[in-house]
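> Sequence and predicted structure are below.
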Amino acid sequence: MRTPNSYSNIRPKFPPHPSFFRLFILSLCLCSYAYSSSTDHFIGVKQVDGIWWMTKGADEQFVTLGINHVEPQMIIGPHNIHHTVEMYGADIVYWHEQFNAQGSGAKKWLAEVKSNFTKWGFDAFAYHTAVPYKLIDDFHYIALIRSYSVEFYCPTQVFPDVFSDEFKKQVDESTRAIATELADCPNLLGYAYSDMPAWRVNAKDLSNPWVDHHTSLSADSPGKRQWVELLKRNYETASDAAAAYGFAAEDWNTIAANVDWKNIQARDSVLKDKNAFLLQIVDLWCKVHHDAVRRYDPHHLILGDKVGSGIHPDAWEIIGRYSDMMNIQWYAFFDEQKDLLAKIYQTTGKPILMGDSSFSVVKPYQTKAKGVKVESQDAVGDAYYEYLESIMALPYVIGWHYCGYIEGHVGMNRRDCCEDRQSGFLDPWGNPFKYTLERVTEANRKAKNWHQNANH
């Protein structure tokens, strides 16, 4: 049994790699292939006898079972870096204790991860995977096109003017950098964009970061002009529009110049305005990304943005119009999900990937944990089994990507997804949760059969 105190005296050596960081970032996104350009090896989706499947080639049908957060920082925190160095070798880290993706230690660690994936019945590295694609391309994986940092958890969000030519150019450049290199990769599940975009107006203060960004732009910006056009449709005069937002204006030029829209006086009218404008933004965001992907890769699936269940109800149809599946993050038990999942499928006609969720129990080395809370670690395994059986009984759900490979530990650096709260199948020192994994493996082995009987 590995324990945290067993490695307290080990000090890693950090070989210098002066230009490695640049190479690592590049390799995170790009890899080159020499596969056939025929389309029969690409992963797709298909409805057969009323049941949706992931497909590969002419005959293979499967449901995708993946794991999120296979991320190097999870094994080089202050609590486990010494253990990691002993297990995999000193070259797994380099200058300033950064992960060295090119070293033999990284290869050894990834070989262990892949062995576990196979043993447990997982086929895919999911949305949150911070490993160069070329190191995991023997498994299914998702490629990210992150044209802007719009996630709610990003320290510095950068929202674009989606009506501008600059936005289209940035999306095109970001997409081209990824898709031209991956367009012939047979194990690529597809392309995804942002994580949990805030696509609902806050019911309390009627704020929304996407809408509020556009309304604060200068009068001559494309986004501001579109906002003013919407107000012209919704109000008889500029004075009426201004009054709804608590300022005075006699003409539309004054409206366009205004940047402070927080003094709301007419809640119903303002909510109508903001919802309508948000849906315009969502439509353009999805369309521009979709069109860019299809310019450079006409074959692979588009998973789109990984969205939460609480987005604006009318956004589902828009997302479905520009994606091959609905990619949903939703931490909840199945009974809480089933009605909305049915409605989403009825609205979009697209299969659903449950893209990010988990069950968990808070451990002594954590103050919080991601996931739906259950009473014990053994209960995590039972909850996993019951949840997978339930969603596989839905003919339109084509997979589940679980949130977490290895647990976090208090004191870890809080990057994008708060690694100290991470749930997983291993404790922070790599010890497997035996009963949990027995149940997980059993469920994964039965998943395809459960899904084959979805309509019975």
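Done, it's in.
> What segments of the stretch 51-200 of the chain are strands?
Taking DSSP state E, counting those that start in this stretch, the strands of the stretch 51-200 of the chain run over residues 51-56, 60-62, 64-68, 93-94, 98-99, 124-125, 140-144, 188-195.
> highest average neighbour count across those strands?
Most buried of these, by mean neighbour count (mean count of other Cβ atoms under 10 Å): strand 124-125, with a mean of 27. C-betas here are computed from N, CA, C, even on glycine.
> Excluding its own residues, what touches that one? List them.
Here strand 124-125 makes contact (Cβ atoms under 8 Å, 6 or more residues apart in numbering) with 64-67, 70, 131, 136, 139-142, 189, 399, 401.
> that older thread, and the strands of the stretch 51-200 of the chain as JSON lines, adding distance to P78 and mean pLDDT?
Shown next, in JSON lines, are these (distance: least, Cβ to Cβ, whole Å; pLDDT from 0 to 100):
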{"stretch": "strand 51-56", "distance to P78": "39", "mean pLDDT": "97"}
{"stretch": "strand 60-62", "distance to P78": "39", "mean pLDDT": "96"}
{"stretch": "strand 64-68", "distance to P78": "23", "mean pLDDT": "98"}
{"stretch": "strand 93-94", "distance to P78": "12", "mean pLDDT": "90"}
{"stretch": "strand 98-99", "distance to P78": "14", "mean pLDDT": "90"}
{"stretch": "strand 124-125", "distance to P78": "26", "mean pLDDT": "98"}
{"stretch": "strand 140-144", "distance to P78": "28", "mean pLDDT": "98"}
{"stretch": "strand 188-195", "distance to P78": "26", "mean pLDDT": "98"}
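> Isn't N455 up against D49?
Yes. Counting by Cβ atoms under 8 Å, D49 is a contact partner of N455 at 7.2 Å.
> Buried ones in stretch 289-302, by neighbour count?
Residues 289-290, 292-293, 296-297, 299-302 are the ones in stretch 289-302 that count as buried (16 or more other Cβ atoms under 10 Å).
> Now do the end-to-end distance for stretch 300-316.
Stretch 300-316 has an end-to-end distance of 21 Å (criterion: Cα to Cα, to the nearest Å).
> Just the buried residues of that stretch, please?
Those would be 300-308, 311-312, 315-316, for stretch 300-316 by 16+ other Cβ under 10 Å.
> Likewise for stretch 207-217?
In stretch 207-217, counting by 16+ other Cβ under 10 Å, buried: 208, 210-217.
> re the thing from before, need the max-distance pair from the buried residues of stretch 289-302.
Using Cβ to Cβ, the buried residues of stretch 289-302 reach their maximum pairwise distance at H289 and H299, which is 16.5 Å.
> so where is this structure shaky, pLDDT-wise?
The chain contains residues with pLDDT under 70 at 1-39, 413-418, 456.
> Three-state assignment for A292, please.
Each residue gets one of three states, and A292 gets helix by DSSP: H, G, I helix; E, B strand; the rest coil.
> contacting residues around the nearest residue to it once chain neighbours are set aside?
In space, and not counting its chain neighbours, A292 is closest to T175: 3.8 Å by Cβ to Cβ, 6 or more residues apart in numbering. Residues in contact with T175, defined by Cβ under 8 Å, 6+ apart, are 145, 147, 191, 289, 292-293, 295-296.
> If we use 10 Å, what do you get?
Contacts were defined as Cβ atoms under 10 Å, 6 or more residues apart in numbering; by that measure T175 touches 145, 147, 191, 193, 288-297.
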